[in-house]
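Visitor: Build me a structure from this.
(2 chains)
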Amino acid sequence: MVLHHGKALQQMLSEKGVTVEQLMTLLKCNRAAVQRLYRQSAIDQSILRTIESLTGIQLLKLMGTDNPADTGTQTGTDERMSEGEFAEVFLVEDSELDAHIFKLTFEKAAKARKLLVFLNGKSAIDKLLELFINSPEHLPSHIFLDLKMPVMDGAQFLENFYRLNLDPDHKIKIHVLTSSVFYSERQTFTRHPLVTSFISKPVNTAIISSIFN
Amino acid sequence: MDKIYRTADEVKDMLEQLASNKLLCFPFDAFGSDNVAKIDTMRDVIQMNRSEAWINSKFLTDQELLLNEPDNELWQVALDARSWLNGKFEVSDLLFPERPTSDVHPAKKTNT
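Guide: Numbering: from 1, shown residues only, chains lettered A, B, ... in the order given. The predicted structure follows:
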């Protein structure tokens, strides 16, 4: 028999004395969203993990979905990535060709380091938020950010990164990647307080080496 | 255009409550979704009496239109607002939890 996640979640939280109002406050969402969550037959593992971390109730074990392979949700990266996965370096780039060139260069210049690729700013922000809440020690040390992307572009990524205060200790270095030749755009991002460096595409081994060595 | 089940006063009151909620709510929920954008969407639907067809056309992509339950939050909140207009939700169901007053920027506080 297939477990209805929403009903099971509602029952578990109710048994532990967590009311709808308390869940709304913890999740910072409205009652309609909580009701929608309770109606879902299959809830994304990242959502359950977030509720688990906020309430302190072990939901994943109780629901029997503590093995990431059980649900294996798509996180927006170029590969199917398990929820607990993390890397020292994030690349946020929508162009497959540019991402491939970056990967090849990165492998040469920073062999021992692990790289995760995100196709747009939103999936990267979602992953950063998940890591920030669940395991801040696994936040990346470097983010290479393309500017022109669908869904959430580089500028919006920086705005959300700042608004969510994902790096209160300023440990994450953000490197902006662009093929733009416009001086004004370069100046805007060179002066941006969150941006560590401005790199022209295509990247080369010398630039990547200088960042990591 | 969909029939309005709410009176003009109810609509006006709801828009005011959402406007106030927009200033005082947590800007993002625990999953990183933009609560302010959601409130703006709900206000637009309520103010302009947007129909369900308009909402689907505005917020869903061609691929999402084919799904039974697309995972699109702005579309969902727009439908919530439409449901409120149709008398299916209470005002409190759509309002977001608000930050403690000490968190609110001094400029946003009103003197009573």
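Visitor: switch to C-alpha atoms for all contacts and neighbour counts from now on
Guide: Will do.
Visitor: Tell me what A:I174 is bridged to.
Guide: Beta bridges link A:I174 to A:I143, A:V195, judged by DSSP bridges.
Visitor: Then A:F118?
Guide: The partner residues for A:F118, given DSSP bridges, come to A:T77, A:V92.
Visitor: contacts for the top helix by length along chain B?
Guide: Ranked by residue count, the top helix of chain B under DSSP state H comes out as helix B:8-24. For helix B:8-24, contacts defined as C-alpha atoms under 8 Å, 6 or more residues apart in numbering or on different chains pick out B:35-36, B:39-40, B:43, B:46-47, B:91, B:95-96, B:98-99, B:104, B:108.
Visitor: ok, the closest residue to A:K16 other than its chain neighbours to chain B distance?
Guide: Leaving out its chain neighbours, the residue that sits closest to A:K16 by C-alpha to C-alpha, 6 or more residues apart in numbering or on different chains is A:I57, at 8.0 Å. Per C-alpha to the nearest C-alpha, to the nearest Å, A:I57 is found 16 Å from chain B.
Visitor: Pretty sure A:I57 sits in a strand.
Guide: No. Going by DSSP: H, G, I helix; E, B strand; the rest coil, the assignment for A:I57 is coil, not a strand.
Visitor: neighbours of it, just the number please.
Guide: Counted with other C-alpha atoms under 10 Å in any protein chain shown, the neighbours of A:I57 add up to 16.
Visitor: got TSV for the contacts of helix B:8-24, with secondary structure, neighbour count and pLDDT too?
Guide: Compiled in TSV, those are given as follows (DSSP: H, G, I helix; E, B strand; the rest coil; neighbours: other C-alpha atoms under 10 Å in any protein chain shown; pLDDT from 0 to 100):
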residue	secondary structure	neighbour count	pLDDT
B:N35	helix	24	93
B:V36	helix	21	94
B:I39	helix	24	96
B:D40	helix	18	96
B:R43	helix	21	96
B:I46	helix	23	95
B:Q47	helix	15	94
B:V91	helix	15	91
B:L95	coil	21	95
B:F96	coil	28	95
B:E98	strand	19	91
B:R99	coil	16	85
B:V104	coil	15	55
B:K108	helix	10	53
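Visitor: just those residues now: which is nearest chain A?
Guide: Closest to chain A out of the contacts of helix B:8-24 is B:F96 (4.5 Å), distances taken as C-alpha to the nearest C-alpha.
Visitor: Let me know the pLDDT of B:E10.
Guide: The confidence metric pLDDT takes the value 94 at B:E10.
Visitor: Now the most centrally placed residue in chain B: which helix or strand?
Guide: The residue lying closest to the centre of chain B (C-alpha atoms, centre = their mean) is B:M42, at 2.7 Å. Using DSSP states H and E, B:M42 sits within helix B:35-48.
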